[in-house]
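1. this is a predicted model, with the sequence first.
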Amino acid sequence: MLFVKNLSYGPVDNPLLHSNLSFELKPGEVLHIKGSNGAGKSLLAKTILGISPLHSGSIENSFTNTRYLSQMQNRATHLPYSLFDVLCLGEKYSSWQKIGLLEEKHLSFSWNKASGGERQRTLLTRFFLQKGELLILDEPFNHLDNLSREKVCTLLKNILEKSPTSAILLISHNDNPSSWLQNIPVHTLNLDLVGAKI
Amino acid sequence: MITLFSLYWPSILAAALSAAALSMAGAFLATRQAGVQTLAVSQAAGLGVSLGMLIVLLYFENTHVEHTVLPLLLGLFTSALGFISTEWIARRSHSPTIVYLCAFALFWGLSQLFTGFFPIVEKHATALYFGDIVTLTRGESYFFMLLASFSLLYFLLSWRKQAERAFFSAILEERVTIYHPVDLFFYLIALLLICFSVQLLGLLFTISALFLPTAIYSFSPAIGVKTHILRITKASALAASIGFSLSLIESRFLTTPLITIVLAIIPLTHLFVEKKIFKCN
């Protein structure tokens, strides 16, 4: 379970974005965090993960392992990574085909020349091949066409159906996951409506 | 000629190994968008080395200054300080590159002020910029061979992990991952290499070996991190050996500037041939 109690957070050396934020996420559930640009959605995920410091409050994460898909910065790299490199660096994932977001031909593509959609599909494939009960996804649908989008929705739904100990924290500013996650409890936290913005 | 080579082979080997290790460090630093920061850190290392030289010259009589470890230790200390301070400020800035450039200018200014104030270290300060590979002692050469071999082996064995960390640092803006063990060890080795290279081989050699091969090969149509890494490693080692050897044959060629030129010529020639073949196919 993920317990967030009286959390106050904000960028380092800047005023707090939110204070006294409390919510919980149980296994089998989805928490949809939404809000306009600059509402603090990505920073909230980073605070939960311990990447960004919290000002006050407490975060308890009892899920075994957390998978995190950070928001992709659609830019080039100095090293000439292929999509295969991105998929298999660190760990060798041989079952990438099962995910269904990439085809064999994509693997030899250069990251620097690939489209935003191809890049995002590669990162998502990598994400789905990792292990972890708590899934935190930051704007996973960016750059995706409708077909890929549907596939990602199905993959997320399958994870929750097949693994009841899993939970999803989805950051997205305009999607409504309730529409594609039938029978799965979806809670929404709208950071624009949380009146704690200072 | 054979006598010259038998005399200088440890220095040639040390230069080749350090160029190869530096080129790998440079490729990952460039991917982590730390190229300009390296410039500032190298300049900070030079400042520490000059300070160490001064202390040795003032307080340790009859000590062969090139053999002392004090300049190296102080260089390591100031470069670490330079790295930590620039990193700390850059994280709070919207334009880290400008922070690094300003730090470089400040460290440069401080070095100039220091050598001007203490003319006793001026001769060494010149060697610091343009390098003095030919004057490496046997002991220094063996030491550098050992350090470069260890660094090279570490980079070659962990290249997948290094490339992964560098990738996520660049694409996912996870710059805060400096405390991850892989990142910490990478920066530690890179700092050691840079500091010792600045002290023993000079700033020009260090910066050239770090970035020239990887910058030129980044224009190659070949895709894949492994290919790139193998190319830069081989080209750097070859360039350092050829440049050094040519400077022994023709004494009017200064060793470090010649190595710098060869470090550019070899990858450029390779790319030219590759692009011709690429077009033919």
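-> Great, that's in hand. Numbers count the residues shown, from 1 in each chain, chains lettered A, B, ... in the order given.
2. just the element for residue B:151, please.
-> helix B:138-157 (DSSP states H and E).
3. need the contact partners of that helix.
-> Here helix B:138-157 makes contact (CB atoms under 8 Å, 6 or more residues apart in numbering or on different chains) with B:10-11, B:13-14, B:17-18, B:20-21, B:24-25, B:28, B:66-67, B:136, B:162, B:185, B:189, B:192-193, B:196, B:200-201, B:229, B:233. Where C-beta positions appear, they are placed from N, C-alpha and C, glycine not excepted.
4. distance check, the nearest residue to residue A:104 once chain neighbours are set aside against chain B.
-> Nearest residue to residue A:104 in three dimensions, chain neighbours excluded: residue A:97, at 7.8 Å (CB to CB, 6 or more residues apart in numbering or on different chains). Distance, residue A:97 to chain B, by CB to the nearest CB, to the nearest Å: 20 Å.
5. now residue A:137
-> 13 Å.
6. quick one: that residue is in a helix?
-> No. The assignment for residue A:137, made by DSSP: H, G, I helix; E, B strand; the rest coil, is strand rather than a helix.
7. what pairs with it across the strands?
-> residue A:69, residue A:170 (DSSP bridges).
8. in contact with it, which residues are there?
-> By CB under 8 Å, 6+ apart, the contact list for residue A:137 reads A:69, A:127, A:156, A:168-171.
9. nearest residue to the middle of chain A?
-> By CA atoms, centre = their mean, chain A has its centre lying nearest to residue A:137, at 0.6 Å.
10. also chain B?
-> When CA atoms, centre = their mean is applied to chain B, the residue found nearest the centroid is residue B:206 (3.0 Å).
11. check which helix or strand covers that one.
-> With DSSP H and E as the test, residue B:206 turns up in helix B:203-217.
12. can you spell out which helices and strands pack onto that helix?
-> With contacts taken as 3 or more CB pairs under 8 Å, 6 or more residues apart in numbering or on different chains; DSSP states H and E, helix B:203-217 sits against helix B:2-31, helix B:35-59, helix B:122-130, helix B:181-200, helix B:225-249, helix B:255-280.
13. average pLDDT for the longest one?
-> Put plainly, it is helix B:2-31. On average, the pLDDT along helix B:2-31 is 90.
14. next, the angle from it to helix B:225-249.
-> 150 degrees (axes from the mean of the first three to the mean of the last three CA atoms, to 10 degrees).
15. what packs against helix B:2-31?
-> With contacts taken as 3+ CB pairs under 8 Å, 6+ apart, helix B:2-31 sits against helix B:35-59, helix B:138-157, helix B:159-171, helix B:181-200, helix B:203-217, helix B:225-249, helix B:255-280.
16. mean pLDDT for those helices - can I get that in TSV?
-> Formatted as TSV, these follow (pLDDT from 0 to 100):
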stretch	mean pLDDT
helix B:35-59	86
helix B:138-157	90
helix B:159-171	88
helix B:181-200	86
helix B:203-217	94
helix B:225-249	94
helix B:255-280	90
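17. tell me which of the ones you listed is the most buried.
-> Comparing the helices and strands packed on helix B:2-31 by mean neighbour count (mean count of other CB atoms under 10 Å in any protein chain shown), helix B:203-217 ranks first with a mean of 25.
18. the inter-axis angle of that helix versus helix B:255-280?
-> Using the same axes, to 10 degrees, one finds that helix B:203-217 and helix B:255-280 are set 0 degrees apart in direction.
19. can you show me the helices along chain A?
-> Assigned by DSSP state H, chain A shows helices spanning A:41-49, A:83-88, A:96-99, A:116-129, A:146-162.
20. format these as a markdown table; extra columns: mean neighbour count.
-> Listed next are the helices of chain A as a markdown table, based on neighbours: other CB atoms under 10 Å in any protein chain shown:
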| stretch | mean neighbour count |
| --- | --- |
| helix A:41-49 | 21 |
| helix A:83-88 | 22 |
| helix A:96-99 | 16 |
| helix A:116-129 | 21 |
| helix A:146-162 | 15 |
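21. which one of those helices lies closest to residue A:23?
-> Among the helices of chain A, the nearest to residue A:23 by CB to CB is helix A:41-49 (9.9 Å).
22. distance between the closest one and the chain's centre?
-> Distance of helix A:41-49 from the chain centroid (CA atoms, centre = their mean, to the nearest Å) equals 10 Å.
23. for it, enumerate the helices and strands it packs against.
-> Helix A:41-49 packs on strand A:2-9, strand A:30-34, strand A:56-61, strand A:66-69, strand A:134-138, strand A:167-171, going by 3+ CB pairs under 8 Å, 6+ apart.
24. can I get these in a markdown table with mean pLDDT?
-> Listed next are the helices and strands packed on helix A:41-49 as a markdown table, based on pLDDT from 0 to 100:
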| stretch | mean pLDDT |
| --- | --- |
| strand A:2-9 | 89 |
| strand A:30-34 | 90 |
| strand A:56-61 | 89 |
| strand A:66-69 | 88 |
| strand A:134-138 | 92 |
| strand A:167-171 | 92 |
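25. relative to residue A:85, which of the helices and strands packed on helix B:2-31 is closest?
-> Set against residue A:85 and scored by CB to CB, the helices and strands packed on helix B:2-31 come closest in helix B:225-249, at 5.0 Å.
26. got the angle between that closest one and helix B:159-171?
-> If you take the same axes, to 10 degrees, helix B:225-249 sits at 100 degrees to helix B:159-171.
27. what angle do helix B:225-249 and helix B:138-157 make?
-> Counting by the same axes, to 10 degrees, helix B:225-249 lies at 160 degrees to helix B:138-157.
28. so how far is helix B:225-249 off the chain centroid?
-> The chain centre lies 14 Å from the centre of helix B:225-249; the measure is CA atoms, centre = their mean.
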